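> how would this look folded up:
(2 chains)
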2 protein chains.
Amino acid sequence: MSILIVGSTALDSIRTPTAKNPRLLGGSASHAAVAASFFSPVKLIGVVGDDFPKKYIRLYRRHKIDLDGLQILPGKTFHWSGEYEANMNNRRTLLTELGVFETFTPKLPKSHQNTQFVLLANIAPALQHHVLNQMRRPKFVVADTMDLWLNIALLDLLRLLKRIDGFVLNDSEARQLTKEDNLFAALKKIHKLGPKYVIIKKGSHGSILSGPRGIFICPAYPLHTVEDPTGAGDSFVGGMMGYLATAKGSIDNNIRRAMVYGSVVASFCCEGFGLTRTTKIKHVHIDRRVKELEKLTRF
Amino acid sequence: MSILIVGSTALDSIRTPTAKNPRLLGGSASHAAVAASFFSPVKLIGVVGDDFPKKYIRLYRRHKIDLDGLQILPGKTFHWSGEYEANMNNRRTLLTELGVFETFTPKLPKSHQNTQFVLLANIAPALQHHVLNQMRRPKFVVADTMDLWLNIALLDLLRLLKRIDGFVLNDSEARQLTKEDNLFAALKKIHKLGPKYVIIKKGSHGSILSGPRGIFICPAYPLHTVEDPTGAGDSFVGGMMGYLATAKGSIDNNIRRAMVYGSVVASFCCEGFGLTRTTKIKHVHIDRRVKELEKLTRF
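Okay, the predicted model is just below:
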């Protein structure tokens, strides 16, 4: 089945202590869409300016991403610039130019409104609502978020939590949202806000699912070097949703394995700047790492 | 098979934001010995003063811990006092009174010198050497450590690493020792210092083994409340070594499961102050959580 993904589509200029990479393809929707495309047909909803490099349109197309919902407007593409410290955990934003993203209003082509799997990747909760408002009864809706929206759009986000099936956030965001330091206590509190499935991402420590079948402790693939973690969380949720949209059987039967697939796509994402590594892999490379993770966690 | 454990035997006065608990039984050897006692007969090597409460001697005896190597000397028992912040991660030492521990020289009764499994729990590396010097060809020796020894006894520790089979340390210590931020890169560097098995503890994020059969990602048992994490690391390595000393078959065949058992004993340790919770459980409670962890990690 196909999956609809809305989020940011951006140009990322990323610096690490050892390298500079200007104007890479980035944004939550780009990362999630490429990750999902290994498993399911993807319909992308986003906006770029008329400066958006043609090569990135071709990149989307190579991944068979449906661009009917990608608006190309006069003006500049959203441009983010950031710098990582040596440990690759601390990130500093150097520059944010919203460009055409500032007035983005997602519009769903008619053909998209029936999509059964919906990923509301990280973007303002108001826009996530706006997309949901245009959908007919989707089967499974998952939203991602970031600390910014907890700070400036909490009410919109809380309203959203009542409309979605699954919610994905990272550990510090879970603590901020619930005022609980213990993540398992935080998971309980987040369920009370609405979502049946809650996933807390912990970076290199993996992730935790809390759902109708209880807790799942999902491993991260062991990486010896991290080139650039930008987009890893988006790749995780994109890969997970792409896998779920295609897998046969119930969500409950598939979601653990879906998370492991997402985790593996995220590991590839970290091994190159932007999407440079992810766009070079094939499905067989993903399968191989999933098998490895089976071995690395068996006891 | 029995296991010999050397380390500190202390009285711990522990404060958290919600409770005060003076003069609990503590120290690395006490925690490790009680944890190991669920699986194997334990021979404890340590020292206490003549103020050491009789009830703690009885506690050791209830766990069938051989006390022939426990010296009781005139003077005060090692007393540590510390305070945890609300998140239970940051700990501040309020007071350290070494007492009889200051001049501790471990002496092994003749009957102990043939023990096949040896756990050098956290204690000065010079004393860990001193114990090893008195042993005849043990089968499997594991050492734990702490940041203090990296700071003040690094050369002794580096010498020790060439004499042991397994080395256990936490993530921040691994980074300090290797100057590597990436833990998998750190594991490689630590192998080069000597040990065939290296285990990095990551608290609530579980632990990682690197050994002859590669990496094992060991989960932590999900805890909704942590009363007092003091001794969790000692319980982990004690439980692991106790399990290994009894398990049939090779170390390589058993070490993953041994770590999971250690992880579960550590989870009980965190649920009460000092050893109060650990000393109340039975083997069946441990087995139950190990089974649960199997379910929580399967995909």
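
> Going along the chain, name the helices of the stretch 51-200 of chain A.
Using DSSP state H, counting those that start in this stretch, the helices found in the stretch 51-200 of chain A span residues A:54-62, A:125-133, A:147-152, A:154-161, A:171-178, A:183-192.

> who's in contact with residue A:140?
Listed by Cβ atoms under 8 Å, 6 or more residues apart in numbering or on different chains, the contact partners of residue A:140 are A:116, A:117, A:118, A:165, A:166, A:244, A:251. All C-beta spots, glycine's among them, are computed from the backbone N, C-alpha and C.

> Next: residue A:267.
Counted by Cβ under 8 Å, 6+ apart, residue A:267 has contacts A:220, A:221, A:223, A:232, A:289.

> Which of those fall in strands?
Using DSSP state E, no member of the contacts of residue A:267 sits in strands.

> Tell me the one of those residues nearest residue A:45?
Nearest to residue A:45, judged by Cβ to Cβ, of those is residue A:232 at 21.6 Å.

> So the residue nearest to the closest one when sequence neighbours are not counted: helix, strand or coil?
In space, and not counting its chain neighbours, residue A:232 is closest to residue A:266: 4.4 Å by Cβ to Cβ, 6 or more residues apart in numbering or on different chains. At residue A:266, secondary structure determined by DSSP: H, G, I helix; E, B strand; the rest coil is helix.

> Give the closest residue to the closest residue to chain B within the stretch 101-250 of chain A in space, chain neighbours not counted.
Closest to chain B within the stretch 101-250 of chain A is residue A:205: 4.0 Å, counting by Cβ to the nearest Cβ. Spatial nearest neighbour of residue A:205, chain neighbours left out: residue B:205 (4.0 Å); criterion: Cβ to Cβ, 6+ apart.

> what pLDDT does the residue nearest to residue A:277 when sequence neighbours are not counted get?
Residue nearest to residue A:277 in three dimensions, not counting chain neighbours: residue A:271, with 4.5 Å by Cβ to Cβ, 6+ apart. At residue A:271, the pLDDT value in this model is 96.

> Residue A:271 and residue A:7, how far apart?
22 Å (Cβ to Cβ, to the nearest Å).

> Compare neighbour counts for these two and give me the winner.
Just comparing residue A:271 and residue A:7: by other Cβ atoms under 10 Å in any protein chain shown the higher neighbour count belongs to residue A:7, 28 against 19.

> how about the more buried one, what does it touch?
A:27-30, A:32, A:45-46, A:119-123, A:144, A:234.

> cool, and residue A:165?
Each residue near residue A:165 by Cβ under 8 Å, 6+ apart is listed here: A:140, A:141, A:142, A:195, A:196, A:197, A:251.

> out of the residues you listed, what pair is the most spread apart?
Spatially, the most separated pair among the contacts of residue A:165 is A:195 and A:251, at 12.5 Å (Cβ to Cβ).

> of those two, who's got more company?
residue A:195 (23 against 18).

> Residue A:217 sits in which helix or strand?
For residue A:217, the host element (DSSP states H and E) is strand A:214-218.

> just the angle between that strand and helix A:183-192, please?
With axes from the mean of the first three to the mean of the last three Cα atoms, to 10 degrees defining the directions, strand A:214-218 sits at 120 degrees from helix A:183-192.

> Which elements pack onto strand A:214-218?
Here strand A:214-218 touches strand A:207-211, helix A:251-270, helix B:283-297, going by 3 or more Cβ pairs under 8 Å, 6 or more residues apart in numbering or on different chains; DSSP states H and E.

> Quick one: name the residues of the stretch 101-250 of chain A near chain B.
Neighbours of chain B within the stretch 101-250 of chain A, by Cβ under 8 Å from any Cβ of the partner chain: A:181-185, A:188, A:202, A:204-206, A:208, A:214-219, A:222-226.

> just the buried members of the residues you listed?
A:181-185, A:202, A:204-206, A:208, A:216-219, A:222-223, A:226 (16 or more other Cβ atoms under 10 Å in any protein chain shown).

> how far away is the most centrally placed residue in chain A from residue B:187?
The structure's chain A has its C-alpha centroid closest to residue A:234; by Cα atoms, centre = their mean the separation is 2.3 Å. Relative to residue B:187, residue A:234 is positioned 28 Å away (Cβ to Cβ).

> which residues touch the closest residue to residue A:281 other than its chain neighbours?
Excluding the flanking residues, the one nearest residue A:281 by Cβ to Cβ, 6+ apart is residue A:268, at 5.3 Å. Taking Cβ under 8 Å, 6+ apart, we find residue A:268 in contact with A:235, A:277, A:278, A:281, A:285, A:286, A:289.

> Write the ChimeraX selection for whichever of those residues are buried.
Buried residues among the contacts of residue A:268 (16+ other Cβ under 10 Å), as a ChimeraX selection:
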select /A:235,277,278,281,286,289
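
> Show me which of the contacts of residue A:268 is closest to chain B.
Here the nearest of these to chain B, counting by Cβ to the nearest Cβ, is residue A:289; it sits at 12.6 Å.

> quick one: the helix or strand bottoming out on mean pLDDT in chain A near chain B?
Lowest on mean pLDDT, DSSP states H and E among the helices and strands of chain A sits strand A:91-97, with a mean of 90. No: applying Cβ under 8 Å from any Cβ, one finds strand A:91-97 out of contact with chain B, separated by at least 14.4 Å.

> Give me the sheet partners of that strand and which way each runs.
In the sheet, strand A:91-97 lines up against strand A:79-84 (antiparallel) (DSSP bridges).

> Show me which positions of the strand it pairs with end up buried.
Across strand A:79-84, burial judged by 16+ other Cβ under 10 Å covers A:79, A:80, A:81, A:82, A:84.

> JSON lines please, covering those and showing pLDDT.
Supplementary listing: those in JSON lines, determined by pLDDT from 0 to 100:
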{"residue": "A:79", "pLDDT": "97"}
{"residue": "A:80", "pLDDT": "94"}
{"residue": "A:81", "pLDDT": "94"}
{"residue": "A:82", "pLDDT": "92"}
{"residue": "A:84", "pLDDT": "89"}
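
> got the contact list for the residue nearest to residue A:277?
By Cβ under 8 Å, 6+ apart, the residues touching residue A:271 are A:223, A:225, A:226, A:227, A:277.

> Take the residues you listed and write them to JSON lines, including secondary structure, pLDDT and distance to residue A:55.
Formatted as JSON lines, the contacts of residue A:271 follow (DSSP: H, G, I helix; E, B strand; the rest coil; pLDDT from 0 to 100; distance: Cβ to Cβ, whole Å):
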{"residue": "A:223", "secondary structure": "coil", "pLDDT": "97", "distance to residue A:55": "27"}
{"residue": "A:225", "secondary structure": "coil", "pLDDT": "90", "distance to residue A:55": "26"}
{"residue": "A:226", "secondary structure": "coil", "pLDDT": "91", "distance to residue A:55": "25"}
{"residue": "A:227", "secondary structure": "coil", "pLDDT": "91", "distance to residue A:55": "20"}
{"residue": "A:277", "secondary structure": "coil", "pLDDT": "97", "distance to residue A:55": "17"}
